[in-house]
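J.: fold the following and give me the result.
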Amino acid sequence: MTTRQIPTEEEVLGYMTSLSNWGRWGPDDELGTLNLITPEKRAQAGSLVREGISVTCSRLIVPEGAADVTSIPPLHYMIRTGESAPANGPGGSSDFIGFSFHGLTITHLDALCHQFWDGKMYNGKAASLVMADQKATAGHIDRAQNGVVTKGVLLDITKVRGKDWLEAGEGVFTEDLEAAEEAQGVRVEEGDALLLRLGWYKRRQELGPPASGRPGLHAETLPWLRERGVSIIVADASQDADPSGYPGLGLPVHRVGIVAMGLWLIDAANFEDLVQVCNQLNRWEFMFIVAPLRFHNATGSPVNPLAIF
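T.: Okay, the predicted model is just below:
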């Protein structure tokens, strides 16, 4: 049995250089790991659609001020309703919605301008390019305007660990990822979307909003993610275990992943319906689609990712 090697904080800081994709796709690149999704990879994803089943990987957005709502709670106001609609003739309804989507409760895609390190964002662009007046002028969400269409692989870490959900601060290691691959008969390949089920949304549904912390990937997995060529990670908590054990970095998968690797991340997903379909079909790979909103110069977007079988 091999002994797990936990990198020191200094070693994880070194990942900013050793795992960097800066310049890999040119000095002006703002797509990062989405460059790994080739036309051939999209065609492969399309070949996985056999049953015609489509499954959401998104949480329902609910206006609430719960313990894990880390910013402004979602807002939903009616502008016109059917309460005063005429009995005869035309009518209609409309509403206003608004939310701060970065956080732990709304399924969202982080753009590459979402994280900085030493005053830089991905590919060496200055953090100052994100401004109060002009918003994000580099690395913004519209760089992903053509969406994400690739092969998705769901790894059910709860099954590997033999529990309903992982606890706050519980880290997922490379050995867990590879154990899930072996148990499910799949392999994460270059350009794939890695969907990581930690049971965190199931826990929220059954026990209510957690007060603090969440499970996630340990920083030890970052070289594996780079080696395998993961294009996007989708997790039902967030990608990082919190607390991470690296106080100087805070969230190393977000910091190293986004800033150094240009790795796209979807936080606060929902895999409860998806895992049922995967178990029923005994299939853990599928076509995966994400279409972010084209909101001008935004740092991310709420999304409804879809797994299609």
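J.: make it CA atoms for all contacts and neighbour counts henceforth
T.: Noted.
J.: which stretches in the stretch 101-250 of the chain count as helices?
T.: 157-161, 174-184, 200-207, 222-228 (DSSP state H, counting those that start in this stretch).
J.: of all those, which one comes closest to Phe116?
T.: helix 222-228 (17.3 Å; CA to CA).
J.: hang on, the earlier thing: got the helices of the stretch 101-250 of the chain as JSON lines, with distance to Val130 and mean pLDDT columns?
T.: Formatted as JSON lines, the helices of the stretch 101-250 of the chain follow (distance: least, CA to CA, whole Å; pLDDT from 0 to 100):
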{"stretch": "helix 157-161", "distance to Val130": "36", "mean pLDDT": "96"}
{"stretch": "helix 174-184", "distance to Val130": "34", "mean pLDDT": "98"}
{"stretch": "helix 200-207", "distance to Val130": "32", "mean pLDDT": "95"}
{"stretch": "helix 222-228", "distance to Val130": "26", "mean pLDDT": "98"}
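J.: export these to CSV and tack on mean neighbour count and distance to Asp133?
T.: CSV is the format used below for these (neighbours: other CA atoms under 10 Å; distance: least, CA to CA, whole Å):
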stretch, mean neighbour count, distance to Asp133
helix 157-161, 17, 42
helix 174-184, 17, 42
helix 200-207, 16, 36
helix 222-228, 16, 35
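J.: tabulate the ones you listed in a markdown table, adding columns for distance to Pro27.
T.: Below are these laid out as a markdown table (distance: least, CA to CA, whole Å):
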| stretch | distance to Pro27 |
| --- | --- |
| helix 157-161 | 37 |
| helix 174-184 | 31 |
| helix 200-207 | 38 |
| helix 222-228 | 19 |
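J.: closest to Ser94 out of these?
T.: helix 200-207 (29.4 Å).
J.: ok so, going back, show me the one of the helices of the stretch 101-250 of the chain that comes nearest Pro90.
T.: helix 200-207 (40.1 Å).
J.: what's the closest one packed up against?
T.: Of the remaining helices and strands, none touches helix 200-207 by 3 or more CA pairs under 8 Å, 6 or more residues apart in numbering; DSSP states H and E.
J.: look at Val275 and give its secondary structure.
T.: helix (DSSP: H, G, I helix; E, B strand; the rest coil).
J.: with only the CA atoms kept, save stretch 55-69 in PDB.
T.: This file holds the C-alpha atoms of stretch 55-69, laid out as PDB (Å, rounded to 0.1, in the frame of the first residue of the first chain):
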ATOM      1  CA  VAL A  55     -31.000  15.300 -17.100                       C
ATOM      2  CA  THR A  56     -30.500  18.600 -15.400                       C
ATOM      3  CA  CYS A  57     -27.400  19.100 -13.200                       C
ATOM      4  CA  SER A  58     -28.600  22.400 -11.700                       C
ATOM      5  CA  ARG A  59     -30.100  23.300  -8.400                       C
ATOM      6  CA  LEU A  60     -33.500  25.100  -8.200                       C
ATOM      7  CA  ILE A  61     -32.900  28.800  -7.500                       C
ATOM      8  CA  VAL A  62     -34.900  29.700  -4.500                       C
ATOM      9  CA  PRO A  63     -35.100  33.200  -2.900                       C
ATOM     10  CA  GLU A  64     -33.800  32.500   0.600                       C
ATOM     11  CA  GLY A  65     -31.500  33.900   3.100                       C
ATOM     12  CA  ALA A  66     -30.100  30.600   4.400                       C
ATOM     13  CA  ALA A  67     -26.800  30.100   6.300                       C
ATOM     14  CA  ASP A  68     -24.900  29.100   3.200                       C
ATOM     15  CA  VAL A  69     -26.100  32.000   1.100                       C
END
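J.: cool, thanks, signing off.
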